[in-house]
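**Student:** Pasting the sequence and the predicted model now:
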Amino acid sequence: MAWVFQGNPNRFDIDDYLSRYTQLIYWRTNRYVKDIAVGDPVFIWRAGADAGAVAAGHVVAAPTPARSVEHPEALGDDLWVADEANPDELKTGIRLHEIRLDREAGMVPRSAAKENLVLGASTIITVPNGTVFRLSPIEFGVLEELWGSPMSLATSSGAAEGQRLLRAHYARERSPRLRHDKLCAFRKEHGSLFCELCGHEASAHAPEPFTDRAFEVHHKNPLASAAGPVRTTLNDLAVLCANCHRAVHANANVAENFKTLATLYAVGR
Ligand SMILES: [Zn+2]
Ligand SMILES: [Zn+2]
C-alpha cells in the first residue's frame, strides 16, 4: 500500500527536519497502524500556505512507540513548535529518496494535485485533516507521475542507494534554510564570505544579494553517513565559490575531491 504522511509547519518544523535528516526520518502515525508495512512507498506532504508533496521515500520501520524506535536521535524532537514530543506516540520509520522543499526543486504543489481528476478527489485534498492518508493504487500512480521519478527505481540496490544518497546530498545543499544559516554563521565568524578552498573573497563593497549568489554551501561528507542517521549541522557544511563547488562535484568522489583540492590550494598559498 502507498501512503501520504502530512506535517503542519505551524506545529513541527518540517523543512528543517527534511533538510537535515535525510537518511531516516520518523513520522507520527495515528491511523492505519496495522496496515503500514516495511517497503510501502511514502510521500511526505507539507500542509499550510505552501502545501504539497515535498519528499518521497519508503517505510523502513513499522509504527513503533517513539520511546522504543531504533534511532531516537533521528526523531527531531526539538523541532516541535506547538506540541511537545510524546514518547508514547507511534512513529513510522521512513527512508527518503528525494527531498524537494520548494517549487524550484520540483515539489508537487497542492494546486497541481487538486486540478488532477484523480488526486482532486483523494482524501489528502478533500479531507486534509490528519497525519496519515492512504493512497489507492491509481492515486499513487498519478502522484508518482506528477512527482516525475518512479519510486520503484529508488529502492535498495547498491547503485540506487548511491543515487539516493547523492540526491539527498544535493537536497541538503539546496535547502534555502541551511544555506542561509550557514552563510550567516560564516559571515558572523569571519566578517565576510570567502571560499574555503581557493580563498576567493567577495568584494567588501558589494551588497549582500550579489555576494551571497557567488557562494554555495557544500556538504563535506555526503556519502559517509550511511551507517546511521545523523543530523546535518553547520559544521558539516563548507562555504565554497561556485567554481570550486563545481570542481568538487566533478565526479562521484566528492569527499576525496574536497580533500585533494584543499591540499592543492594550501600548497599554493
Ligand atoms: Zn573557490
Ligand atoms: Zn557540494
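**Tutor:** Cool, got the structure. Ligands and ions are numbered 1, 2, ... in the order given.

**Student:** if we look at stretch 37-46, which residues are touching it?
**Tutor:** Applying C-beta atoms under 8 Å, 6 or more residues apart in numbering, the external contacts of stretch 37-46 come out as 1-7, 9, 14-15, 18, 25, 27, 51-62, 92, 94, 96, 107, 124, 133, 135, 140, 143-144, 147, 151. In this view, the C-beta of every residue, glycine as well, is placed from N, C-alpha and C.

**Student:** and those, which are buried?
**Tutor:** Buried members of the contacts of stretch 37-46, scored by 16 or more other C-beta atoms under 10 Å, are 2-7, 9, 14-15, 18, 25, 27, 51-62, 92, 94, 96, 107, 124, 133, 135, 140, 143-144, 147, 151.

**Student:** before we move on, the earlier item: what about the contacts of stretch 37-46, which are in strands?
**Tutor:** Of the contacts of stretch 37-46, the ones assigned to strands by DSSP state E are 2-7, 25, 27, 52-62, 92, 94, 96, 133, 135.

**Student:** What count of nearby residues applies to whichever residue of the stretch 51-200 of the chain sits closest to ligand 2?
**Tutor:** When distances are taken as C-beta to the ion, the stretch 51-200 of the chain approaches ligand 2 most closely through residue 173, which lies 5.0 Å from it. The local packing of residue 173 (other C-beta atoms under 10 Å) involves 21 other residues.

**Student:** Counting neighbours, show which residues of the helix or strand harbouring it come out buried.
**Tutor:** Take DSSP states H and E as the rule and residue 173 turns out to sit in helix 158-174. Buried residues in helix 158-174, defined by neighbour count with 16+ other C-beta under 10 Å: 161, 163, 164, 165, 167, 168, 169, 171, 172, 173, 174.

**Student:** Same check on stretch 259-269?
**Tutor:** Under the neighbour-count criterion of 16+ other C-beta under 10 Å, stretch 259-269 has 261, 262 buried.

**Student:** same deal with stretch 122-138?
**Tutor:** Of the residues in stretch 122-138, those buried under the neighbour-count criterion (16+ other C-beta under 10 Å) are 122, 124, 125, 128, 131, 132, 133, 134, 135.

**Student:** Right, I'll leave it there.
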